[in-house]
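Visitor: From the sequence below, what's the structure:
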Amino acid sequence: MSHGKQFTLYTHASGPNGWKVAIVLEELGLTYESIYLDFQKSEHKAPEHVKFNPNGRIPTLIDHKNNDFVIWESDAILLYLEEKYDPENKLNVTTEEDKFVLLQWLFFQASGQGPYYGQAAWFTFFHPEKIPSAQERYKKETLRVLGVLEGVLSKQEWIVGGKPTIGDLSFVTWNQFALNILNMDEGFSFQQEFPAVSAWHAKLEARESVKKIAEIKASVKK
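Guide: Here you go, the predicted structure:
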């Protein structure tokens with residue numbers, strides 16, 4: 001089967017994990033087609049998608065120029081793209097120690113930032129009944145994760161290697177997501193409470209790839 005673009009990305013109109021993969025595809029100048037699965041219709045759980053991703057979540061990436069290689073889990077996808085399609089190390093680090101630090105941050109993003117921010121959103125916007133204790137717990141965890149980042153970024157510009165990497169980019173869409181919740185609190189100020197994270201986030205949002213994806217997201221938002 002012939003494909004006009006190198007990759008097929010199964011994603012979602014709102015899901016942060018799919019958008020961060022799209023950002024890295026843009027960063028590396030790779031061509032891709034996005035298929036936006038409708039969660040209300042459980043398209044992510046349908047056989048047509050589960051045959052590629054047994055977890056039935058997004059994102060899922062198919063590399064048509066590598067024997068239709070399939071990979072899922074967003075940070076694993078970022079590592080695949082960076083290792084295979086970033087020969088100039090544009091978004092990579094070069095020392096062995098920095099590579100492990102990069103992995104450390106990707107694990108932290110996947111196990112700390114994403115789940116806590118996601119649960120904060122769930123109990124704020126989607127859970128059928130309001131549970132204040134759950135909302136409070138996950139909002140506090142969101143602030144805690146931002147505090148971890150603040151402690152590091154107050155001492156250095158980027159999280160590893162002295163330059164922007166896939167590690168930094170893995171956080172940006174989830175931070176955008178979290179601000180939708182935190183800004184609901186009248187007294188919250190991102191710049192005042194987390195000045196280093198706010199500055200870092202602003203630099204990431206100023207990147208052409210992130211701006212382009214924001215425009216695409218706005219055009220497909222349902």
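Visitor: the helices in the protein, which residues?
Guide: 16-27, 47-50, 74-85, 96-108, 114-121, 132-153, 166-182, 190-193, 195-205, 208-220 (DSSP state H).
Visitor: With mean neighbour count and distance to His64 added, can I get those helices in CSV?
Guide: From N, CA and C alone the C-beta is placed, and that goes for glycine too. Converted to CSV, the helices of the chain look like this (neighbours: other Cβ atoms under 10 Å; distance: least, Cβ to Cβ, whole Å):
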stretch, mean neighbour count, distance to His64
helix 16-27, 24, 13
helix 47-50, 13, 17
helix 74-85, 20, 13
helix 96-108, 15, 25
helix 114-121, 21, 27
helix 132-153, 16, 36
helix 166-182, 23, 22
helix 190-193, 13, 40
helix 195-205, 18, 29
helix 208-220, 14, 21
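Visitor: Would you single out the least confident of those?
Guide: When these are ranked by mean pLDDT, helix 114-121 comes last with a mean of 86.
Visitor: quick one on the thing from earlier: okay if I get the helices of the chain as TSV plus distance to Phe7?
Guide: Output for the helices of the chain, formatted as TSV (distance: least, Cβ to Cβ, whole Å):
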stretch	distance to Phe7
helix 16-27	7
helix 47-50	15
helix 74-85	9
helix 96-108	20
helix 114-121	22
helix 132-153	29
helix 166-182	16
helix 190-193	33
helix 195-205	22
helix 208-220	15
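Visitor: out of those helices, which comes closest to Gly4?
Guide: Closest approach to Gly4 among the helices of the chain (Cβ to Cβ): helix 16-27, 14.9 Å.
Visitor: how far off helix 74-85 does the closest one point, in degrees?
Guide: Angle, helix 16-27 to helix 74-85, by axes from the mean of the first three to the mean of the last three Cα atoms, to 10 degrees: 10 degrees.
Visitor: Would you mind splitting this structure into its domains for me?
Guide: Residue ranges for the domains of the chain, per automatic domain parsing: 7-90, 96-209.
Visitor: Relative to Val220, which of the ones you listed is closest?
Guide: Between Val220 and these, the shortest separation by Cβ to Cβ is 5.1 Å, and it involves domain 7-90.
Visitor: ok now that closest one, how far from the chain's centre?
Guide: 11 Å (Cα atoms, centre = their mean, to the nearest Å).
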